[in-house]
Every structure is written in C-alpha cells, then in structure tokens.
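>>> structure for this input, please:
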Amino acid sequence: MIKLENLSLSIDRINILNGIDLKIDKGDLIGIIGPNGSGKSSLLRCIYRVMKKSGGKIYFEDKDIDNLSIKDTSKKLAVVSQHNEYNFDFTVFDMVMMGRSPYKKFLDKDTSYDIDIALNSLETVGMIDFKDRNYSSLSGGEKQGVILARALCQKAEYLVLDEPTNHLDIKHQLEFMEVVKNLNITVIAAIHDLNIALKYCNKICAIKEGKVVAYGTKEEVITPKIISKLFGVNSKIIADDETGIKSVAFTLNHI
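Here you go, the predicted model:
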C-alpha cells in the first residue's frame, strides 16, 4: 500500500499540489487524470522522489519515504516516464540490466540470477528478440517497451507510469497497456487519454489545480459531470454493442 497524507508541493511560492490524500491498495491499476498543469506528473514525481515535497507524508507499507534511502526506494518502486531518449551506445540487454543496479554495489558483476531476471523481463514485454539490438536504433514504441522491461527488472512492488503512452501511436499504446495490465503488480499512472484510462484502470484519481476532485472506480469518476468539471467539455460514455467496451465522446460546451 502507498498512502499520501496532506501532500503539498510549492515551487517559487506557487502551489502545485494542495493537501493531497490518497490510498493506493496493492493490486490496483490507478489512473491519475486531469487537465494539463493540474499536477499529475508533479504528484508522481513526489512519489518517486524526483521532486521534493513541501509538506505532508508519503508511506510505503507504513514506512515513511523520508526514512528510506534512494536505493531502498528503487527496490520498492520502478518508474517509466514519457521521455526516454539516451545519448549513449548500449544494447537493449544492457539497458534492461540497469534495472538490477539497486541490488548491487559499485563494480559488482552480474550474476546468473540477474541475467535471468533481465531476460524474463524482455520476454514479458515481447522484446526478447531485440536484446542484442542497439537501443538508439529502436522506434519510440520499442524504446518504451525496453524501459518497461528495465523497470520490471527492478522487481519492485510498485510501478509508476508518468504519461508513458503520450507520444506512442495507437498500436503501441494498446500493446504497452496490455502488458502493464497483466503484470499483477500495483500501478500508478498519469494518463492523458481518458479512453486508455477507462479501458485499463480499475480506479481513477481526478485532480485539478493540485487538488483531488474525485477518487473511486472508473465508473464512478469517468462521468460526464466530472469530465465537465475537469476539462470544461461535454461528454458522453458510449458502450460498443458487440464488445461492451466503453469509450468517451467529447464536444465543446457551446456546441
């Protein structure tokens, strides 16, 4: 379980997050939704400690995150962000093996156990045939698959996704989220596309201006009323007659 209590973040006296309370249970796939600038990524960056919170508490299994080392945090939590361009010449396998670094001391050699975990992670994301390829030669969707494999290689209990599908085409978005859905670990994801959130998440946290507007099941939160409050648009939830899959259709308020 991850628990946020009265989490706040201010930058240059501007409030980014305001008293966020959130409980993330094991096994949840939680989507964080909201308009641009609402604090979605800032919330996640406080959780994975890239940004220093201004106030409040973050707990991992009742342990205050402030009392954990960065290495211990990395054993509990892995991250996939939307920007994964690296200017170095590593193979895909080398990139994935970096996920074992929280368990190693400087100059420790890779063990057969480490190698097996890396190969299994590549297998999980469908990238095993790319293991000897140069990372820089891959497409955006392929790179994102490798970074997901690196995160899995950490063997963490929690996975944070910071808008990981924003720059991917539809096929790679769906492939990425299908893998994530089947991981059977706790996932917290900032998601730009409400239809992706509706399809894959079991719970949704809606935020605006750094405050939680709604939190609950996707059926409770992704509604025309809350969508209007968040984004200022009209919407309709539509279920496909054949598959039953729901999607959101949008129109501007004045139309």
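>>> please count neighbours and contacts with C-alpha atoms only from this point.
Fine.
>>> reduced to three states, what does C205 come out as?
The assignment at C205 comes out as strand when based on DSSP: H, G, I helix; E, B strand; the rest coil.
>>> so what's it up against?
Going by CA atoms under 8 Å, 6 or more residues apart in numbering, C205 touches 30-33, 212-216, 221.
>>> again, but for F176
F176 sits next to 125, 145, 165 when contact means CA under 8 Å, 6+ apart.
>>> scan those residues and report the most crowded one.
T165 (25 neighbours; other CA atoms under 10 Å).
>>> phi, psi for it please.
Note on T165: its backbone torsions stand at phi -110, psi 0 [degrees, to the nearest 10].
>>> need the contact list for it.
Residues in contact with T165 (CA under 8 Å, 6+ apart) are 82, 172-173, 176, 191.
>>> among those residues, name the ones in helices.
Using DSSP state H, the subset of the contacts of T165 located in helices is 172-173, 176.
>>> closest one to G244 out of those residues, please.
Set against G244, the nearest of those by CA to CA is Q173 (20.2 Å).
>>> could you tell me how many residues sit around the closest one?
Neighbourhood size, Q173 [other CA under 10 Å]: 17.
>>> look at it and report its pLDDT.
If you check Q173, the pLDDT there is 90.
>>> against H192, how distant is it?
Counting by CA to CA, to the nearest Å, the gap from Q173 to H192 is 12 Å.
>>> return the members of the contacts of C205 classed as buried.
Among the contacts of C205, the ones that count as buried by 16 or more other CA atoms under 10 Å are 30-33, 212, 214-215, 221.
>>> reformat those as TSV; add secondary structure and pLDDT.
Below are those laid out as TSV (DSSP: H, G, I helix; E, B strand; the rest coil; pLDDT from 0 to 100):
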residue	secondary structure	pLDDT
I30	strand	97
G31	strand	97
I32	strand	98
I33	strand	97
V212	strand	97
A214	strand	98
Y215	strand	98
V221	helix	97
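>>> among these, which pair sits farthest apart?
Spanning the widest gap among the buried ones among the contacts of C205 are I30 and V212, at 13.6 Å by CA to CA.
>>> just to revisit the earlier point, what's the farthest-apart pair in the contacts of C205?
Greatest spatial distance among those (CA to CA): I30 and V213, at 14.8 Å.
>>> residues contacting the nearest residue to V212 once chain neighbours are set aside?
Excluding its sequence neighbours, the residue lying closest to V212 (CA to CA, 6 or more residues apart in numbering) is A206, at 5.9 Å. For A206, the contact set (CA under 8 Å, 6+ apart) comprises 32-34, 212-215, 221, 230.
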